[in-house]
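[1] the following comprises the amino acid sequence and a computationally predicted model.
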Amino acid sequence: MTFQAYIDTIVAKTGKQPEEIHEIAQKAGIIQPDMKAREFCDWLVSEFGLGHGHCMALWNLFISNGWIETKHTKLKK
């Protein structure tokens, strides 16, 4: 499965674009400085019912877009 396929599946399952999920996460106070992927994924599972692979795809997208900044990842912007 390609990265884009993960994102497309997330959009199909949630009815939300990643930007909308980002906005919801901000309003919910989920995004915190130096947060860990586990915290983010736990929220995505409870809020949207996403699986681990889809959560990690969003984690990667959020990091690469600069929406999450953390020292707990080796991903680069």
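    Nice, thanks for sending it over. Numbering: from 1, shown residues only.
[2] the spatially most central residue of the chain sits in which helix or strand?
    Centroid check for the chain by CA atoms, centre = their mean gives residue 58 as the closest residue, at 3.1 Å. Using DSSP states H and E, residue 58 sits in helix 52-64.
[3] flag every buried residue along that helix.
    By 16 or more other CB atoms under 10 Å, the buried positions in helix 52-64 come out as 54, 55, 56, 57, 58, 59, 60, 61, 62, 63. C-betas here are computed from N, CA, C, even on glycine.
[4] what does stretch 50-67 contact?
    Stretch 50-67 has contacts (CB atoms under 8 Å, 6 or more residues apart in numbering) with 1, 3, 6-7, 9-10, 13-14, 18, 21-22, 31, 37, 40-41, 44-45, 68-70, 73, 75-77.
[5] contacting residues for the nearest residue to residue 48 once chain neighbours are set aside?
    The shortest distance from residue 48 to any non-neighbouring residue, by CB to CB, 6 or more residues apart in numbering, is to residue 14 (4.8 Å). Contact analysis of residue 14 by CB under 8 Å, 6+ apart lists 21, 48, 50.
[6] which SSE is residue 40 in?
    Element membership of residue 40, judged by DSSP H and E, is helix 37-48.
[7] packing partners of that helix?
    Helices and strands touching helix 37-48, by 3 or more CB pairs under 8 Å, 6 or more residues apart in numbering; DSSP states H and E, are helix 3-14, helix 18-28, helix 52-64.
[8] that helix vs helix 3-14, what angle?
    Comparing the axes of helix 37-48 and helix 3-14 via axes from the mean of the first three to the mean of the last three CA atoms, to 10 degrees yields an angle of 40 degrees.
[9] pull out the buried positions in helix 37-48.
    Neighbour-count burial for helix 37-48 [16+ other CB under 10 Å]: 37, 40, 41, 43, 44, 48.
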